[in-house]
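# sequence first, then the predicted structure:
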Amino acid sequence: MIIKILGTGCSKCGKLEKNLDKALNELDLQANILKIDNLAEIVGYGIMSTPGLIIDDEVKSVGKVPSVKEIKKMLTK
Amino acid sequence: MNIFNWVNDQLFKMKWLYNLVRILVEEIFNLSLETRIGTSIHFFIYDVIKIFILLSVLIFAISYIQSYFPPERTKKILGRFKGIKGNMLGALLGTITPFCSCSSIPIFIGFTSAGLPVGVTFSFLISSPMVDLASLLLLMSFFGAKIAIAYVIVGLILAVIGGILIDKLGMEKYIKDYVYGVKDTDVNIEEMIPRDRVNFAKDQVKDIFDRVWKYILIGVGVGALIHNWIPQSVIENILGQNNPFAVILATMVGVPIYADIFGTIPIAEALIAKGVGMGTVLAFMMGVTTLSFPSLVMLSQVVKKKLLGVFLAIVTIGIIIIGYSFNIFSFLLK
């Protein structure tokens, strides 16, 4: 599984990363996490409000920090 | 007293809070409101609490509305309109999309890559920090409905005209090349349920509070200083009707400064109390909120120098014209 976190290093991106870690841990999943901080690249995914979360090339969340519970749901779908 | 006045006094102007703080200063601090130190402290406490309350309520309400218009969706809506209609809609949507200047660059890249005319994007970029529902209600609370509505209307007009001018001047070639290379992608954002919107709005309040509380304290501090410690004659000579260059001066001071409307309003309030013209004060506010040194640095990531200069010139001149017009016609708004 490839997971991308999109953001330019704002505090929200850090929070998103933490929640993601927790969700992965609780589900006992392994993933390859990439952080994308280049704005042109971020917008290339169609995202204009950060942070964004992409799981296996599918945009799952835009412009907000999803909770651990929400991320778990995204991961198991 | 009719109900409208009561709502205006208690809800918008918060007379109850004014009186509560007066009791606090007089009875507990034992300072008379006749003294300078007493009025300064009263101004500071009253204004800080009032602005914090307004900020929380307004940002919550506005974020709830904003949750229906994320930039990804705004982009799609704007793509359907051509010409001046696009500019007008861009300016209008600017009032209900997030006003954080940090999101303006991804929005710029996204709009441009979607093929929106440069003028429509700029109409959006001018109105987004200058005019929003928060500024409308905040100005209503401090200066009354007429001035608030006039501010919003002229702000929107400036955004529309500014965008059209940038289009007519053929500025699209002064956008950095890499921006055009970005692939235009639409994402489908899941519709939020009401509880999500409430959470989103709560997060926004917390976020904006974290970001702006220091500017509010500084703003109220400067306001208290102007209000009670700088003689009226000094302010009048520099920014009052005696100085024909007052509006230009206020704009020039306001432009490089970065703050949002919540930090600016206490300074504006104090300047008005000192007899500075409404137009001069509004020019200062527009300069502070719309343009700033940091936002220009950010914008220079996506546009070439020439377009940056034209943008700066159009907005600055527009603000100065608005300032003088308000000063001349302010008797109509009394």
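All right, it came through fine.

# residues contacting the closest residue to A:Asp57 other than its chain neighbours?
Distance criterion Cβ to Cβ, 6 or more residues apart in numbering or on different chains; nearest residue to A:Asp57, sequence neighbours excluded, is A:Ile2 at 7.6 Å. Backbone N, C-alpha and C define where each C-beta goes, glycine included. A:Ile2 makes contact with A:31-32, A:34, A:55-57, according to Cβ atoms under 8 Å, 6 or more residues apart in numbering or on different chains.

# got phi/psi on the residue nearest to B:Lys304 when sequence neighbours are not counted?
Nearest residue to B:Lys304 in three dimensions, chain neighbours excluded: B:Tyr174, at 4.3 Å (Cβ to Cβ, 6+ apart). Torsion angles at B:Tyr174 (phi, psi; degrees, to the nearest 10) stand at phi -100, psi 20.

# would you confirm that B:Tyr174 contacts B:Gly309?
No: between B:Tyr174 and B:Gly309 no contact is recorded; they are 9.3 Å apart, counting by Cβ atoms under 8 Å.

# these two - which one has more neighbours?
B:Tyr174 (18 against 13; other Cβ atoms under 10 Å in any protein chain shown).

# need the contact list for that one.
Applying Cβ under 8 Å, 6+ apart, the residues contacting B:Tyr174 are B:303-307, B:310.

# got phi/psi on A:Gly52?
Dihedral angles (degrees, to the nearest 10) for A:Gly52: phi -120, psi 160.

# tell me, how many residues neighbour the closest residue in space to it that isn't next to it in sequence?
Nearest residue to A:Gly52, sequence neighbours excluded (Cβ to Cβ, 6+ apart): A:Leu6, at 3.8 Å. Other residues within reach of A:Leu6, judged by other Cβ under 10 Å, total 27.

# same thing with B:Glu190?
So B:Glu190, with other Cβ under 10 Å, has 11 neighbours.

# check the secondary structure at it for me.
Under DSSP: H, G, I helix; E, B strand; the rest coil, the three-state class of B:Glu190 is coil.

# buried stuff in stretch B:127-140?
B:127-140 (16 or more other Cβ atoms under 10 Å in any protein chain shown).

# now the residues you listed in JSON lines, with distance to B:Leu299?
Below are those laid out as JSON lines (distance: Cβ to Cβ, whole Å):
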{"residue": "B:Ser127", "distance to B:Leu299": "15"}
{"residue": "B:Ser128", "distance to B:Leu299": "12"}
{"residue": "B:Pro129", "distance to B:Leu299": "12"}
{"residue": "B:Met130", "distance to B:Leu299": "15"}
{"residue": "B:Val131", "distance to B:Leu299": "18"}
{"residue": "B:Asp132", "distance to B:Leu299": "19"}
{"residue": "B:Leu133", "distance to B:Leu299": "24"}
{"residue": "B:Ala134", "distance to B:Leu299": "22"}
{"residue": "B:Ser135", "distance to B:Leu299": "21"}
{"residue": "B:Leu136", "distance to B:Leu299": "25"}
{"residue": "B:Leu137", "distance to B:Leu299": "28"}
{"residue": "B:Leu138", "distance to B:Leu299": "25"}
{"residue": "B:Leu139", "distance to B:Leu299": "26"}
{"residue": "B:Met140", "distance to B:Leu299": "30"}
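
# the residues you listed in helices, which ones?
B:127-130, B:133-140 (DSSP state H).

# redo these as TSV? Include distance to chain A and pLDDT.
Listed next are those as TSV, based on distance: Cβ to the nearest Cβ, whole Å; pLDDT from 0 to 100:
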residue	distance to chain A	pLDDT
B:Ser127	17	92
B:Ser128	12	88
B:Pro129	16	86
B:Met130	20	89
B:Leu133	18	81
B:Ala134	18	82
B:Ser135	21	85
B:Leu136	23	87
B:Leu137	23	87
B:Leu138	24	88
B:Leu139	27	91
B:Met140	28	88
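
# which pair of these spans the longest distance?
B:Ser128 and B:Met140 (19.9 Å; Cβ to Cβ).

# report the beta-bridge partner residues of A:Glu58.
A:Ile55 (DSSP bridges).

# what's the neighbour count on it?
For A:Glu58, the count of nearby residues is 11 (other Cβ under 10 Å).
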